[in-house]
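Q: What follows is a protein structure lacking sequence information:
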Ligand code: GLV
Ligand code: MN
Ligand code: MN
């Protein structure tokens, strides 16, 4: 098949999108060039600007555009048999604070380039091809990741979603407090009931997401592409630890119930249990790196140098390829929390945000990806995704797989995230071949 990926256009668009950011250009000389710090949080003016620009590109390429009530954006190339299940690709363009320019965007703009170049090469799909830009893959604003895909796949209750709190004020002091998702999305121009977002059964015949690896394995193994066989199961929790605060000089040590000291023990506890789970797994012959636990946010009240912390809020993000092992770490952590509460005279309450299942790729789509790699003479290996992706939540309603390209030093969620132009272009080429093949099935 003749296939002319327009690499200059794709790379120029990636750099253009990176400039739609709320981060000031980085002054940090320690960061390797080319570096662009990107902050693009869902439904902010920057996100809306990126969406408008992306839609204009899709329309200029002759694709029809549909947005649903939560802002998931479908860009469709109608096939010669439009009643058949669709072949879909896509990813997200939202970015966590101070992120890089490739997470998600490579899948959206790489997907656009794949469709556009197939069209320009004279290809005519039998099944319709759809590029999808998901709303809020990142949990920054509403506290839960993959909001758009959860609603599309039916794994989130629409009313609960609409009631989610806007947390933008936690990272942006100027942002208003007390808004719900419903209020924020409507203000951004996305109306209608969230119940309407769920896709009909069998909408997708096949789904493939292109993404940067966000880890070091492809680079370490000197392999050009990764074919994702499964995606680790994520879970996240929010804890509030209530202690007893007071004057940092006058409140005597024997009388203290310091909420931050208790929280510090909790953080170390979950790290210890995650490491122990890995050690046990390794002793049983498994990889011994699949359990990961992160406390990424801690808010201390009242947050004064001379005040004993009375309340601490923290988040826990825990993931594993094996759900039972993930849950056993949580159980051990819970037991430690009870012990810390008793010993320190504090109270810790827990809010479960999400506890999801792993996703497994479909053998037919893996085979199509492998055939496309071979057609491009690209080296590839099968791998696990330890990051989560919208594909997790498309998996319950469609056969899925993912294609990874390497990123420098495995770095992601940082401004120095970097994927080589040749890797991006190769990813788009393999994606285009895969979509073409799947669309004729
Ligand atoms: C996605 O951004 C993740 O945290 O895996
Ligand atoms: Mn991300
Ligand atoms: Mn991503």
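A: Thanks, I have the structure now. Worth saying up front: this structure is predicted, and the values here are computed from it rather than measured. Ligands and ions are numbered 1, 2, ... in the order given.

Q: quick one, phi psi at the closest residue to ligand 3 within the stretch 201-350 of the chain?
A: Among the residues of the stretch 201-350 of the chain, residue 211 lies nearest to ligand 3; the distance is 5.8 Å by CB to the ion. Just so you know, the C-beta spots here come from the backbone N, C-alpha and C atoms, and that holds for glycine as well. When quoted as degrees, to the nearest 10, the phi and psi of residue 211 stand at phi -160, psi 160.

Q: give the contact list for it.
A: 91, 103, 104, 106, 107, 385, 387, 389, 402, 403, 404, 405 (CB atoms under 8 Å, 6 or more residues apart in numbering).

Q: again with residue 6
A: Neighbours of residue 6 in contact, by CB under 8 Å, 6+ apart: 113, 116, 117, 120.

Q: What ranges does this protein have for its helices?
A: Counting by DSSP state H, residue ranges of the helices within the chain are 7-18, 45-60, 105-120, 147-153, 158-162, 168-171, 181-187, 217-221, 259-283, 323-344, 363-375, 391-394, 421-439.

Q: In a markdown table: the ones you listed, plus distance to ligand 1 and mean pLDDT.
A: Listed next are the helices of the chain as a markdown table, based on distance: least, CB to the nearest ligand atom, whole Å; pLDDT from 0 to 100:
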| stretch | distance to ligand 1 | mean pLDDT |
| --- | --- | --- |
| helix 7-18 | 17 | 96 |
| helix 45-60 | 15 | 98 |
| helix 105-120 | 12 | 98 |
| helix 147-153 | 12 | 98 |
| helix 158-162 | 18 | 98 |
| helix 168-171 | 15 | 84 |
| helix 181-187 | 19 | 98 |
| helix 217-221 | 15 | 97 |
| helix 259-283 | 16 | 98 |
| helix 323-344 | 14 | 98 |
| helix 363-375 | 21 | 98 |
| helix 391-394 | 9 | 98 |
| helix 421-439 | 18 | 98 |
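
Q: Serialize the ones you listed to JSON lines and add fields for distance to residue 381 and mean neighbour count.
A: Formatted as JSON lines, the helices of the chain follow (distance: least, CB to CB, whole Å; neighbours: other CB atoms under 10 Å):
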{"stretch": "helix 7-18", "distance to residue 381": "24", "mean neighbour count": "17"}
{"stretch": "helix 45-60", "distance to residue 381": "31", "mean neighbour count": "17"}
{"stretch": "helix 105-120", "distance to residue 381": "19", "mean neighbour count": "26"}
{"stretch": "helix 147-153", "distance to residue 381": "26", "mean neighbour count": "27"}
{"stretch": "helix 158-162", "distance to residue 381": "37", "mean neighbour count": "16"}
{"stretch": "helix 168-171", "distance to residue 381": "37", "mean neighbour count": "16"}
{"stretch": "helix 181-187", "distance to residue 381": "39", "mean neighbour count": "18"}
{"stretch": "helix 217-221", "distance to residue 381": "6", "mean neighbour count": "16"}
{"stretch": "helix 259-283", "distance to residue 381": "21", "mean neighbour count": "18"}
{"stretch": "helix 323-344", "distance to residue 381": "24", "mean neighbour count": "16"}
{"stretch": "helix 363-375", "distance to residue 381": "10", "mean neighbour count": "18"}
{"stretch": "helix 391-394", "distance to residue 381": "18", "mean neighbour count": "27"}
{"stretch": "helix 421-439", "distance to residue 381": "13", "mean neighbour count": "24"}
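
Q: Now render these as JSON lines, adding distance to residue 292.
A: Formatted as JSON lines, the helices of the chain follow (distance: least, CB to CB, whole Å):
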{"stretch": "helix 7-18", "distance to residue 292": "28"}
{"stretch": "helix 45-60", "distance to residue 292": "28"}
{"stretch": "helix 105-120", "distance to residue 292": "22"}
{"stretch": "helix 147-153", "distance to residue 292": "21"}
{"stretch": "helix 158-162", "distance to residue 292": "26"}
{"stretch": "helix 168-171", "distance to residue 292": "23"}
{"stretch": "helix 181-187", "distance to residue 292": "28"}
{"stretch": "helix 217-221", "distance to residue 292": "14"}
{"stretch": "helix 259-283", "distance to residue 292": "6"}
{"stretch": "helix 323-344", "distance to residue 292": "9"}
{"stretch": "helix 363-375", "distance to residue 292": "24"}
{"stretch": "helix 391-394", "distance to residue 292": "16"}
{"stretch": "helix 421-439", "distance to residue 292": "25"}
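
Q: May I have the beta-bridge partners of the nearest residue to residue 394 once chain neighbours are set aside?
A: What sits nearest to residue 394 in space, not counting adjacent residues and going by CB to CB, 6 or more residues apart in numbering, is residue 207, at 5.0 Å. Beta-bridge pairing of residue 207 under DSSP bridges involves residue 88, residue 400.

Q: Could you restrict the contacts of residue 211 to the ones contacting ligand 3?
A: Among the contacts of residue 211, proximity to ligand 3 is found for 103, 104 (CB under 5 Å from the ion).

Q: In strands only, show me the contacts of residue 211.
A: With strands defined by DSSP state E, the entries of the contacts of residue 211 inside them are 91, 385, 402, 403, 404, 405.

Q: which residues touch the closest residue to residue 114 other than its chain neighbours?
A: When the adjacent residues along the chain are set aside, residue 114 lies closest to residue 432, with 3.7 Å between them (CB to CB, 6+ apart). Contacts for residue 432 were tallied using CB under 8 Å, 6+ apart; they are 3, 5, 113, 114, 115, 117, 118.

Q: try residue 154
A: Residue 154 makes contacts with 198, 199, 396, 397, as judged by CB under 8 Å, 6+ apart.

Q: ok, residue 217 touching residue 407?
A: No. Contact criterion CB atoms under 8 Å: residue 217 and residue 407 do not qualify, at 10.8 Å.

Q: Relative to ligand 1, how far out is residue 155?
A: 16 Å (CB to the nearest ligand atom, to the nearest Å).

Q: shouldn't that residue be in contact with residue 396?
A: Yes. Using CB under 8 Å, residue 155 is in contact with residue 396, at 6.2 Å.
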